[in-house]
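1. Show me the folded form of this:
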Amino acid sequence: IGRAVVEALARREGVVVYLGCRDLAAGQAVAPHDGVVPVLLDVTDPASIKTAVETVRAAGGLDALVNNAGVMDESDMERTLEVNLDGVAAVTTAFAPLLRPGGRVINVSSGAGLRAAAALAPADREALEADTVADIRAAAARLAVGSETVYGISKAALNAYTKLAARTYPALRVNACSPGFCRTEIAGPNADYSAREPKAPALGADVVVKLLFDDALSQATGKFFKECSKPGTAVEDAVSREEPW
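-> Below you'll find the predicted structure:
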């Protein structure tokens with residue numbers, strides 16, 4: 001999905017994309033597109049984040065930040081929260097000063113986060129909707145222990161952080177989105193798609209592009225948007241809409 005977002009943006013005239021990647025060789029594979037600049041970035045490594053910020057600052061700042069890094073490992077709660085929540089919060093905090101007023105922050109989440117939150121008891125949902133990242137993290141870690149939906153809890157926590165960030169940065173537009181069920185590497189090499197047809201990544205990525213450029217979506221903040229098209233839909237016919245938290 002991240003690559004599909006980069007490729008969609010690279011096709012737009014005048015757009016420069018700083019492609020954060022843990023593997024510069026993988027980033028270089030996308031770099032032949034004009035306007036794509038690979039930047040070494042591991043969202044779990046503070047030193048890596050700092051260096052990436054310095055690289056982008058030297059180039060003149062940002063109009064938007066897309067937080068797309070994510071993992072799905074139901075057996076490793078700590079790793080899942082470290083990437084899906086901590087990494088997003090750390091990168092957003094580090095890059096927010098580079099964003100111009102009206103700049104966008106887009107957190108790639110999942111409908112699994114909405115479903116996980118809806119299944120919580122009211123007191124647990126309230127605990128997750130905290131006013132600090134540390135409290136959101138603590139609530140998510142508690143709820144994820146023994147849960148069969150660690151990934152869903154991590155995305156529910158990401159959604160809670162999105163609302164917190166929207167309050168923290170009122171000059172920015174901070175939203176979460178779900179690309180929907182896409183064929184990607186996150187489910188592992190042995191993923192079974194026999195019961196449900198996945199979308200192409202480019203179709204799922206379209207919700208991110210709309211949050212960047214479509215005035216009907218891009219002026220919102222503190223909201224959740226979903227790419228709603230069926231698999232096989234042409235990107236030019238894709239439809240995204242706001243969904244309630």
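
2. Least confident secondary structure element in this protein?
-> Taking mean pLDDT, DSSP states H and E as the measure, the chain has helix 24-30 as its least confident helix or strand, at a mean of 86.

3. in that helix, what's buried?
-> G27, V30 (16 or more other Cβ atoms under 10 Å). Every residue, glycine included, has its C-beta placed from N, CA and C.

4. now do stretch 236-245
-> Burial within stretch 236-245, assessed by neighbour count using 16+ other Cβ under 10 Å, is assigned to A238, S240, W245.

5. In strands only, show me these.
-> Those of the buried residues of stretch 236-245 mapping onto strands are S240, per DSSP state E.

6. got JSON lines for the buried residues of stretch 236-245, with pLDDT and distance to R12 too?
-> As requested, these are arranged in JSON lines below (pLDDT from 0 to 100; distance: Cβ to Cβ, whole Å):
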{"residue": "A238", "pLDDT": "97", "distance to R12": "16"}
{"residue": "S240", "pLDDT": "97", "distance to R12": "17"}
{"residue": "W245", "pLDDT": "93", "distance to R12": "30"}
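
7. how about a markdown table for the buried residues of stretch 236-245, with distance to E7 added?
-> Written out in a markdown table, the entries for the buried residues of stretch 236-245 read as follows (distance: Cβ to Cβ, whole Å):
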| residue | distance to E7 |
| --- | --- |
| A238 | 15 |
| S240 | 18 |
| W245 | 30 |
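
8. now, among the buried residues of stretch 236-245, which is nearest to R142?
-> W245 (20.3 Å; Cβ to Cβ).

9. With the flanking residues excluded, which residue is spatially nearest to that closest one?
-> F224 (5.8 Å; Cβ to Cβ, 6 or more residues apart in numbering).
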